[in-house]
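> After the sequence you'll find the predicted model.
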Amino acid sequence: MSDTPSSAERRTNTQLRTILPAAFEALRPFFEAANQWEGQSHEHLAYHTLKEHFPELSSQDVFIVVATSRRIFASGKFPASP
């Protein structure tokens, strides 16, 4: 077995990668510090909003996009706007 990394793309769900910038913008208000209640985000509302904006996503995909958006927002490295 080789220890060299493969150059092939390991992420296969291109639909999620395509919608991530638009989804991140739709979810941005739920993760901003100014919109928190007692230091807690409105993440539970983010799931509903994402499902409204992207009804074709499965529940698993919605979870992945919300979790990814939370990590991106926390890192401060926002994706380019759609």
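Perfect, I can see it now.
> pLDDT weak spots in the chain?
1-11, 33, 35-42, 78-82 (pLDDT under 70).
> can you map out the helices along it?
14-31, 43-53, 59-75 (DSSP state H).
> Report the inter-axis angle for the shortest one versus helix 14-31.
So that's helix 43-53. 140 degrees (axes from the mean of the first three to the mean of the last three CA atoms, to 10 degrees).
> name the helices or strands packed onto helix 43-53?
On a contact count with 3 or more CB pairs under 8 Å, 6 or more residues apart in numbering; DSSP states H and E, helix 43-53 meets helix 14-31, helix 59-75. For the C-beta atoms, the positions are set from N, CA and C on the backbone; glycine is no exception.
> With mean neighbour count and distance to Thr49 as extra columns, can I get those helices in a markdown table?
Shown next, in a markdown table, are those (neighbours: other CB atoms under 10 Å; distance: least, CB to CB, whole Å):
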| stretch | mean neighbour count | distance to Thr49 |
| --- | --- | --- |
| helix 14-31 | 17 | 6 |
| helix 59-75 | 15 | 9 |
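> out of those, which comes closest to Ala46?
helix 14-31 (4.1 Å; CB to CB).
> any idea of the angle the closest one forms with helix 59-75?
60 degrees.
> hey, C-alpha coordinates of helix 14-31 in CSV?
In CSV, the C-alpha atoms belonging to helix 14-31 read as follows (Å, rounded to 0.1, in the frame of the first residue of the first chain):
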residue,chain,number,x,y,z
THR,A,14,-21.1,17.8,-5.9
GLN,A,15,-24.7,19.0,-5.3
LEU,A,16,-23.8,20.1,-1.8
ARG,A,17,-20.6,21.7,-2.9
THR,A,18,-22.5,23.7,-5.5
ILE,A,19,-25.2,25.0,-3.2
LEU,A,20,-23.0,25.7,-0.2
PRO,A,21,-22.3,29.4,-0.8
ALA,A,22,-26.0,30.1,-1.3
ALA,A,23,-26.9,28.0,1.7
PHE,A,24,-24.3,29.7,3.8
GLU,A,25,-25.8,33.1,3.0
ALA,A,26,-29.3,31.8,3.9
LEU,A,27,-28.0,30.5,7.2
ARG,A,28,-25.7,33.4,8.1
PRO,A,29,-28.2,35.2,10.4
PHE,A,30,-28.6,32.1,12.6
PHE,A,31,-24.9,32.0,13.5
